[in-house]
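Q: got a sequence here, can you build the structure:
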Amino acid sequence: MGVLTVATPLTWEESLKHSQYVRKHGVLQFIENYRKCEDFSRDGLLYGDELEYGILKINPDTKKIQLSLRGKEILDTLNEREPGPASVSSERCNWVPEYGSWMVEATPALPYDGYVSGLRSIETNMRLRRARLVSALKPGEICPTMVNFPLLGVGDFAGEGLAVRGPHANSRFVPDEVINPHPRFGALTSNIRKRRGRNVKIMVPLFQDKNTDNTPEEGAGGTPGIYMDAMAFGMGCNCLQVTFQAQDVAESRHLYDQLAVMAPIMLALTAATPMHKGKLADWDARWYIIEQSVDCRTPAESGDPENGGEGDDAAVPAEGVDLYDERMAGGGKSRIHTSRYSSISSFICNHKGGEDPHSCTKLYNDVEVEVDEQVKESLLANGMDELLATHIAHLFVRDPLVVFKEHIEIDDALRTDHFENIQSTNWNSVRWKPPPPHKEGNPHIGWRTEFRSMETQITDYENAAMTVFVVLLSRVLLSFDLNLYVPVSKNNENMKTAHLRSAVTEGKFWFRSHLAIPDVADCGHNEDGACPIHDDPNRVEPMTVAEIMTGKGSYFPGLIPLIVAYVETVGLEGETRDKIMCYLDFIEKRATGELPTPATWMRKFVTSHPDYKQDSIVPESVVYDLAVRCHTIGLGEQPDADLLGRVQITPIRGIEPYSMPLARVDTKGSISTFKLLERYAERGRLQKERKSIEKELSAAKAIVAECTEKLREIDDKLSLTEGLRGYERHRLDSSTIRLMPSPGGSPHDGKKEGDDA
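A: Numbering: from 1, shown residues only. I've put the predicted structure just below:
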């Protein structure tokens with residue numbers, strides 16, 4: 001989420017007075033900053049990851065599980081405990097707020113560099129973050145790295161006595177108390193709802209089981225499925241993101257395009273969201289839920305002008321504001337085909353100046369992209385190329401959602417607040433990030449690309465494996481000059497596929513058949529003399545994730561073999577190489593279905609639980625058991641071969657969350673040195689005495705065990721049953737019993753049963 005502005009957010013009614021000003025100056029700020037940073041470059045890779053966490057509270061006696069709304073308190077504690085700048089960077093973390101009042105976000109304090117040590121540090125730092133978070137929890141609190149809380153919106157999930165229909169969300173399911181108390185988050189929630197003129201409407205297909213009831217929920221407009229109505233259902237989802245600082249602006253745009261193609265693939269590979277609002281969904285991933293949860297489009301913008309909501313969710317314009325206000329971008333009436341949270345709308349790299357026919361983006365930008373024409377004309381007039389001007393002008397078809405009273409009139413030459421206002425609330429699967437204005441004395445932050453589609457995994461091993469994979473893939477793409485382009489329309493289809501249940505093994509994704517085009521002299525020919533590559537060099541075809549990762553036929557090598565080739569090319573050896581190979585092996589097993597995604601594993605956990613009634617409803621007891629299981633697996637306290645295979649997670653509780661300095665102890669004024677030494681001498685004597693007694697006790701236990709065994713042997717010999725085995729008792733009269741051999745048997749000859757064997 002980043003650093004939050006300390007200022008007063010305006011209501012939607014007040015924001016509209018400044019909306020056009022903010023949009024106009026946002027463009028001017030971008031142009032000014034772009035000119036300053038256009039030629040900035042730096043050698044060497046820098047990158048970092050972001051992980052989000054949810055804190056829950058549990059009662060083991062009743063199996064009650066709820067959100068713990070202590071996010072801010074825990075965040076303050078973690079920041080107070082964090083070591084200062086003088087400490088080793090690998091032992092420092094950065095803690096920032098997130099949307100939910102039960103959530104926190106953490107990153108490494110400083111980015112990883114492009115050396116192999118950075119790859120080794122990723123999992124170590126993730127484990128450190130988890131250990132520190134655990135140390136800040138109260139008894140009865142847990143922090144499993146699950147994407148969402150499956151009972152959000154069900155009963156008293158956030159605590160007792162909290163009322164719904166609050167002023168921000170107006171939700172029939174979620175109280176406003178679940179929203180982070182920083183004013184920005186409440187204003188963001190309220191202004192999205194007011195701009196669109198009605199509550200957000202989130203619909204997710206319901207998993208169909210033997211006893212599933214498909215009756216539409218109240219408020220769902222007669223549509224069957226899982227219905228949700230608040231931003232918290234989407235922005236309450238946790239994710240894993242990786243940000244790269246590129247060498248220059250060209251490389252950042254190139255990475256944006258190439259990684260955009262990987263976004264749906266990695267979403268399917270990390271899918272971990274099979275439940276919402278206490279029900280099993282027929283989707284495995286979170287993306288479309290968030291997309292719907294922050295959709296601020298008016299009915300006309302979304303192409304549904306007749307849908308103004310119903311009942312308490314209906315479109316009611318804010319006081320003094322028309323639903324279609326002229327001060328809104330496009331008057332609130334111009335058609336916009338996507339939510340603010342979506343896959344990318346266009347590729348932005350003018351790779352090789354557009355001279356390479358196979359990477360020329362005109363071939364692949366095949367969907368309509370809405371732009372603000374005035375913004376685009378201004379950008380073109382100031383030297384931007386067509387692709388970049390289109391990208392930025394597309395961002396500005398949106399209104400600013402949160403305007404801060406104290407930060408409206410600012411210096412466009414020194415700050416980019418208004419540009420970031422628009423940019424930061426366009427949440428795409430990949431985000432292109434210009435440098436912020438440089439502050440004297442601080443390191444210059446360069447051109448960055450943020451990869452945003454991956455879902456939080458249950459363990460730090462999984463999160464690190466996915467991070468390392470994306471980092472190495474970025475190096476492969478740049479080093480080997482590979483081309484992943486597929487048409488944007490196909491990429492959008494891939495995003496739909498990624499949500500489907502078991503998409504990682506059963507889905508087919510459009511992917512490029514040829515990542516590089518050989519010289520004509522090097523290519524192979526068919527019997528008729530035709531070249532299968534040069535005859536169709538830009539072909540895309542359906543592939544499974546396993547084929548994308550491991551290869552298909554003789555023409556597509558697979559991404560994992562390419563990464564292995566890169567590792568060997570740069571000469572990685574020893575511990576780092578072994579670690580990378582373990583990560584790649586894990587990812588290959590998940591891609592092929594040998595190991596499940598977290599979504600598949602969770603779904604199986606729920607459907608095989610004795611409290612599940614095959615009705616698609618997930619009882620609280622099941623969510624309790626699942627959350628506790630995820631927490632203990634993440635802590636390394638409970639192995640799970642079904643989820644991780646042979647991977648063993650070293651227990652987190654064995655990590656010292658904070659380094660303890662070898663400080664000099666000052667005892668002056670508290671106790672004399674003589675008395676201190678006397679106490680430690682006594683302590684040492686007692687420790688020796690304890691060890692001696694333990695030794696004697698061990699010897700005595702051995703004697704007791706030996707004597708116990710002898711007594712047992714004697715008792716066996718004295719046993720009447722032992723002596724009469726092989727005989728039957730026959731009563732002759734009231735006082736006489738005769739022992740006779742058992743039929744087919746013989747009297748016991750003294751051997752123990754089983755000796756003959």
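
Q: contact partners of stretch 68-88?
A: 55-57, 91-98, 100-104, 109, 132-133, 135-138, 141, 158-159, 177-178, 180-182, 658-659 (CB atoms under 8 Å, 6 or more residues apart in numbering). C-beta coordinates here come from the backbone N, C-alpha and C atoms, glycine included.

Q: which of these count as buried?
A: 55-57, 91-98, 100-104, 109, 132-133, 135-137, 141, 158, 177-178, 180, 182 (16 or more other CB atoms under 10 Å).

Q: relative to E105, how far out is the residue nearest the centre of the chain?
A: Per CA atoms, centre = their mean, the C-alpha nearest to the average position across the chain is that of T456, at 2.0 Å. Applying CB to CB, to the nearest Å, the value for T456 to E105 is 11 Å.

Q: intersection of neighbour lists for the two?
A: Joint contacts of T456 and E105 (CB under 8 Å, 6+ apart) are 51-52.

Q: picking up where we left off before, now, the contacts of stretch 68-88 that are in helices?
A: In helices, judged by DSSP state H, the following of those are found: 132-133, 135.

Q: tell me the one among these nearest to R712.
A: Lowest distance from R712 to these (CB to CB) belongs to S135, with 50.0 Å.

Q: my read: the closest one touches P657, true?
A: Yes: at 4.4 Å, S135 and P657 qualify as touching, with contact defined as CB atoms under 8 Å.

Q: now pLDDT too, for the ones in helices among the contacts of stretch 68-88, in TSV please.
A: Below are the ones in helices among the contacts of stretch 68-88 laid out as TSV (pLDDT from 0 to 100):
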residue	pLDDT
R132	97
L133	97
S135	96
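
Q: neighbours of D625, how many?
A: A total of 18 residues lie near D625 under the criterion other CB atoms under 10 Å.

Q: could you list every residue that touches it?
A: D625 neighbours (CB under 8 Å, 6+ apart): 63, 605, 609.

Q: turn those into CSV, including neighbour count and distance to V375.
A: Shown next, in CSV, are those (neighbours: other CB atoms under 10 Å; distance: CB to CB, whole Å):
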residue, neighbour count, distance to V375
K63, 16, 55
F605, 19, 49
H609, 16, 53
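
Q: dump those residues to TSV, plus pLDDT and distance to G507.
A: Formatted as TSV, the contacts of D625 follow (pLDDT from 0 to 100; distance: CB to CB, whole Å):
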residue	pLDDT	distance to G507
K63	96	35
F605	98	22
H609	98	26
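
Q: out of the residues you listed, which comes closest to T361?
A: Using CB to CB, the shortest approach to T361 within those belongs to F605, at 43.6 Å.

Q: so that closest one is in which element?
A: Applying DSSP states H and E as the criterion places F605 in helix 598-607.

Q: summarise which helices and strands that helix is packed against.
A: Judged by 3 or more CB pairs under 8 Å, 6 or more residues apart in numbering; DSSP states H and E, the packing partners of helix 598-607 are strand 279-280, helix 620-634, helix 641-644.

Q: looking at these, spot the one closest to L67.
A: Closest of the helices and strands packed on helix 598-607 to L67 is helix 620-634, at 11.1 Å (criterion: CB to CB).

Q: follow-up on the earlier one: need the helices and strands packed on helix 598-607 in JSON lines (columns: distance to E377).
A: Below are the helices and strands packed on helix 598-607 laid out as JSON lines (distance: least, CB to CB, whole Å):
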{"stretch": "strand 279-280", "distance to E377": "49"}
{"stretch": "helix 620-634", "distance to E377": "52"}
{"stretch": "helix 641-644", "distance to E377": "54"}
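
Q: strand partners of the top strand by length along the chain, parallel vs antiparallel please.
A: Of all the segments assigned as strand in the chain under DSSP state E, the longest by residue count is strand 46-54. In the sheet, strand 46-54 lines up against strand 103-108 (antiparallel), strand 112-113 (antiparallel), strand 240-245 (antiparallel) (DSSP bridges).

Q: most tightly packed of the helices and strands packed on helix 598-607?
A: strand 279-280 (a mean of 23; mean count of other CB atoms under 10 Å).

Q: which strands and helices sit next to it?
A: Going by 3+ CB pairs under 8 Å, 6+ apart, strand 279-280 lies up against helix 598-607.

Q: kindly format the C-alpha coordinates of the helix it packs on as CSV.
A: The C-alpha trace of helix 598-607 is given here as CSV (Å, rounded to 0.1, in the frame of the first residue of the first chain):
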residue,chain,number,x,y,z
PRO,A,598,-3.4,-24.0,-2.3
ALA,A,599,-6.9,-23.6,-3.7
THR,A,600,-7.1,-27.3,-4.6
TRP,A,601,-5.6,-28.3,-1.3
MET,A,602,-8.1,-26.1,0.6
ARG,A,603,-11.1,-27.3,-1.4
LYS,A,604,-10.1,-30.9,-0.6
PHE,A,605,-9.7,-30.0,3.1
VAL,A,606,-13.2,-28.6,3.2
THR,A,607,-15.0,-31.3,1.2
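
Q: show residues contacting that helix.
A: Helix 598-607 has contacts (CB under 8 Å, 6+ apart) with 147, 207, 209, 270-275, 280, 284-285, 455, 457-458, 462, 501-502, 504, 596, 612, 614, 618, 622, 625-626, 629, 642-643.

Q: if we use 7 Å, what do you get?
A: Under the criterion CB atoms under 7 Å, 6 or more residues apart in numbering, residues 271-274, 280, 284, 457-458, 502, 612, 618, 622, 626, 642-643 lie in contact with helix 598-607.

Q: would you map the helices across the stretch 201-350 of the chain?
A: Per DSSP state H, counting those that start in this stretch, the stretch 201-350 of the chain carries helices over the ranges 232-235, 249-269, 287-293.

Q: out of those, which is closest to F451?
A: The nearest among the helices of the stretch 201-350 of the chain, by CB to CB, is helix 249-269 at 5.1 Å.

Q: C-alpha coordinates for the closest one, PDB please?
A: C-alpha atoms of helix 249-269 as PDB (Å, rounded to 0.1, in the frame of the first residue of the first chain):
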ATOM      1  CA  VAL A 249      12.700   3.600 -19.200                       C
ATOM      2  CA  ALA A 250      12.900   1.300 -22.200                       C
ATOM      3  CA  GLU A 251      13.700  -1.800 -20.200                       C
ATOM      4  CA  SER A 252      10.900  -1.000 -17.700                       C
ATOM      5  CA  ARG A 253       8.400  -0.800 -20.600                       C
ATOM      6  CA  HIS A 254       9.700  -4.000 -22.100                       C
ATOM      7  CA  LEU A 255       9.400  -5.800 -18.800                       C
ATOM      8  CA  TYR A 256       5.800  -4.500 -18.400                       C
ATOM      9  CA  ASP A 257       4.800  -6.100 -21.700                       C
ATOM     10  CA  GLN A 258       6.400  -9.400 -21.200                       C
ATOM     11  CA  LEU A 259       5.300  -9.900 -17.600                       C
ATOM     12  CA  ALA A 260       1.800  -8.900 -18.500                       C
ATOM     13  CA  VAL A 261       1.600 -12.100 -20.600                       C
ATOM     14  CA  MET A 262       2.800 -14.100 -17.500                       C
ATOM     15  CA  ALA A 263       0.200 -12.500 -15.200                       C
ATOM     16  CA  PRO A 264      -2.600 -15.000 -15.900                       C
ATOM     17  CA  ILE A 265      -0.200 -18.000 -15.900                       C
ATOM     18  CA  MET A 266       1.100 -17.100 -12.400                       C
ATOM     19  CA  LEU A 267      -2.400 -16.300 -11.100                       C
ATOM     20  CA  ALA A 268      -3.400 -19.900 -12.000                       C
ATOM     21  CA  LEU A 269      -0.200 -21.300 -10.600                       C
END
